[in-house]
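Trainee: Following is a predicted model, sequence given first.
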Amino acid sequence: MGLQKCGSCLSCLLILLALWCIAVNILLYFPNGKASFDVSNHINYVWHFEGICFSGVMILVLAVLLILLEHDTFFQCCQSESCNKTYRSFISVVLALLGIAFSGYSVIISTLGLVQGPFCNTPTGWEYLFKDTEGGYLINYTSWSQCTEPTNGVKWNIILFSVLMALSGLQVIICFLKAIAELKRILCGTYSVFIQPGII
């Protein structure tokens, strides 16, 4: 019942998370807050636009549609109020599942980017120094000093990819909860239960 009453709250939270994902993804293009041609053109997983497009713009669109569907005056698909609301719940379920797919994609790409490590300048030149460590560099702090440029590039990469992964993970959870709440409305006849007291 709590999830059903707070459907709009969840959708509004998705909007905030989407805006944060866009901001974090943009920051990944500027290691240590500085524009670097060599780096920005070799950050493989950043160019998948997981934060800007999938966990960002696409989730924003879905969230707005979900909020609109919460309003009774959005549209009428059939004469029965119960039928109309059930139909809208079905659309909400579809949108929530799309949200899980979009944000799930962002979680996967962010994880791969975190495991691969940053593209940085080493004594042997520019390369993905940690790509063969399978994420082991994350706890091997002494190896970070091998990346001489960009400054603090390793920390920048770890923090932002971790934040993006966490934000996208929250989106997955919210979309899952939204789908469950709407499915409960459809399968358990929540709307018809609300209408019965008025009939009596």
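Mentor: Perfect, I can see it now. Numbers count the residues shown, from 1 in each chain.
Trainee: okay, which residue is most central for the chain?
Mentor: The structure's the chain has its C-alpha centroid closest to S168; by CA atoms, centre = their mean the separation is 3.0 Å.
Trainee: need the contact list for that residue.
Mentor: S168 makes contacts with 21, 50-51, 55, 103-104, 106-107, 110, as judged by CB atoms under 8 Å, 6 or more residues apart in numbering. To be clear about C-beta, it is placed using only N, CA and C from the backbone, and glycine gets the same treatment.
Trainee: Residue ranges in this structure under the pLDDT threshold?
Mentor: Applying pLDDT under 70 to the chain flags the ranges 1-7, 35-47, 72-84, 189-200.
Trainee: Do you have the strands of it handy? List them.
Mentor: Taking DSSP state E, the strands of the chain run over residues 119-122, 125-128.
Trainee: L19 versus the closest residue to M58 other than its chain neighbours, what's the distance?
Mentor: Nearest non-adjacent residue to M58, counting by CB to CB, 6 or more residues apart in numbering: F102, 4.7 Å away. Note on F102: its distance to L19, by CB to CB, to the nearest Å, is 15 Å.
Trainee: More neighbours: which of those two?
Mentor: Neighbours of F102 and L19, each counted by other CB atoms under 10 Å, are more numerous for F102; the result is 24 against 14.
Trainee: so that one sits right up against L60, yeah?
Mentor: No: the criterion here is CB atoms under 8 Å, and F102 misses it with L60 at 10.4 Å.
Trainee: returning to what we had before: relative to A18, how far out is the residue nearest to the centre of the chain?
Mentor: Taking CB to CB, one finds S168 at 10 Å from A18.
Trainee: And for F161?
Mentor: 17 Å.
Trainee: Helices along this structure, start to end?
Mentor: Listed in chain order, the helices of the chain (DSSP state H) span 2-5, 7-27, 37-40, 59-69, 81-116, 153-188, 190-199.
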